[in-house]
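In: Requesting a structural model of the entry that follows:
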Amino acid sequence: MTSAFITSLRRPRALFAAALAAVLAAGPVLAPPPAAAASGQAVQAAAAAPMLPLLVRRTSDGHLLAYEPKGASAGLQSAVDLGGGFAAATAILRADISGSGRSDLYFRLGGSLYYTSERGTETKLIGSGWDQYNLLMTPGNLGGTSTTDLLARDANGALWLYQGRADGTLVTRVQAGTAGWNGMNALAGFGDYTGDGKTDLLARTTSGTLYIYPGTGSATANAILGTRVSAGTNWGTYTALVSSGDNDGDGKADLIARDSAGALWLFKGTGVASAPFAARVQIGTAGWNAFNAFF
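Out: Residues are numbered from 1 along each chain as shown. Model (predicted):
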């Protein structure tokens, strides 16, 4: 990674601060832009998982930190502090809209969702009403287009897919799963875990079982995810699950987990659905409990 990469991450912070100031100044919240028909539903060719930094928000002061992957050594480089101003966000999501592997972000302030690009040119309001969702995450390209999508879970436990557009706006939501997703206490993933070239979703039940929901590459309502496959039990011992793509540089999507003692573990992806992860490798000692957001 280069210093230009870090610079690109710092730009959204200034834009975030400006957006927060505007919200606190009590300007009217606009409705979401009119929806456009989704396009490009064909499944994309298999591609190596991106090597993205692990982004975390520090609990004490709202600072955003970036940990770049070391690659083959499977660890993380020293943190780069991207600055404060993120404490007010109730959700922060990575979104590689530009396809650069950099730092496009969505963030929620109150009920409003914003998008800011790594190019640092603007922060735009996506729309209001986003406080109806109790969970937001970005799985990568789940619906079959070339941009990052967004998943949202409502109070009834239904799961909704918002496909991303090249300008950061979102296509009208499509149901990805009916009521029942409130039985999941974590959603994660940013890549392909089954080896079929399609983006998948990881979900952990309240009893600690982790499932892979294979992506179909389609944005058809309730046909976005295939039949789930178990990725093992006892995942309830981890207090956070997150994927930043490929951490060790082998082209396969990995999973990072934080345990109750605050240690960080890497589960290297194998690309095989029946045994999706190799034995865990510790990549961070106690201290990771100081962060209240991983993405």
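In: what ranges of the stretch 51-200 of the chain fall below the confidence cut-off?
Out: For the stretch 51-200 of the chain, the stretches flagged by pLDDT under 70 are 98-103, 118-121.
In: quick one: the strands in it?
Out: Counting by DSSP state E, counting those that start in this stretch, residue ranges of the strands within the stretch 51-200 of the chain are 54-58, 64-67, 80-81, 91-94, 105-109, 112-116, 123-127, 133-140, 149-154, 159-162, 174-177, 184-191, 200-205.
In: Name the surrounding residues that touch the last one.
Out: Okay, so that is strand 200-205. By CB atoms under 8 Å, 6 or more residues apart in numbering, the residues outside strand 200-205 that reach it are 139, 142, 151, 181, 183-189, 191-194, 210-215, 225, 228, 231, 235-236, 241, 243, 255. The way it works is simple: take the backbone N, C-alpha and C, and place the C-beta from them, glycine included.
In: what is the orientation angle of that strand with strand 149-154?
Out: Using axes from the mean of the first three to the mean of the last three CA atoms, to 10 degrees, the direction of strand 200-205 lies 20 degrees away from that of strand 149-154.
In: Tell me the gap between the helix or strand following strand 200-205 and the middle of its chain.
Out: Once the chain leaves strand 200-205, the next helix or strand it forms, by DSSP states H and E, is strand 210-213. Centroid displacement of strand 210-213 relative to its chain, using CA atoms, centre = their mean, to the nearest Å, is 16 Å.
In: How many residues are close by the nearest residue to residue 153 once chain neighbours are set aside?
Out: Excluding its sequence neighbours, the residue lying closest to residue 153 (CB to CB, 6 or more residues apart in numbering) is residue 135, at 4.2 Å. As a burial measure, the neighbour count of residue 135 was computed by other CB atoms under 10 Å and equals 16.
In: The residue lying closest to residue 48 once chain neighbours are set aside and residue 97: what is the separation?
Out: Closest residue to residue 48 apart from its sequence neighbours, by CB to CB, 6+ apart: residue 251 at 3.8 Å. When distance is defined by CB to CB, to the nearest Å, residue 251 is 22 Å away from residue 97.
In: With residue 158 instead?
Out: With distances defined as CB to CB, the gap from residue 158 to residue 97 amounts to 25 Å.
In: Please enumerate the helices of the stretch 1-150 of the chain.
Out: Applying DSSP state H, counting those that start in this stretch to the stretch 1-150 of the chain gives helices spanning 3-24.
In: Excluding residues flanking it in the chain, which one is nearest residue 56?
Out: Taking CB to CB, 6+ apart, and ignoring the residues beside it in sequence, residue 56 has residue 291 as its nearest neighbour in space, at 4.1 Å.
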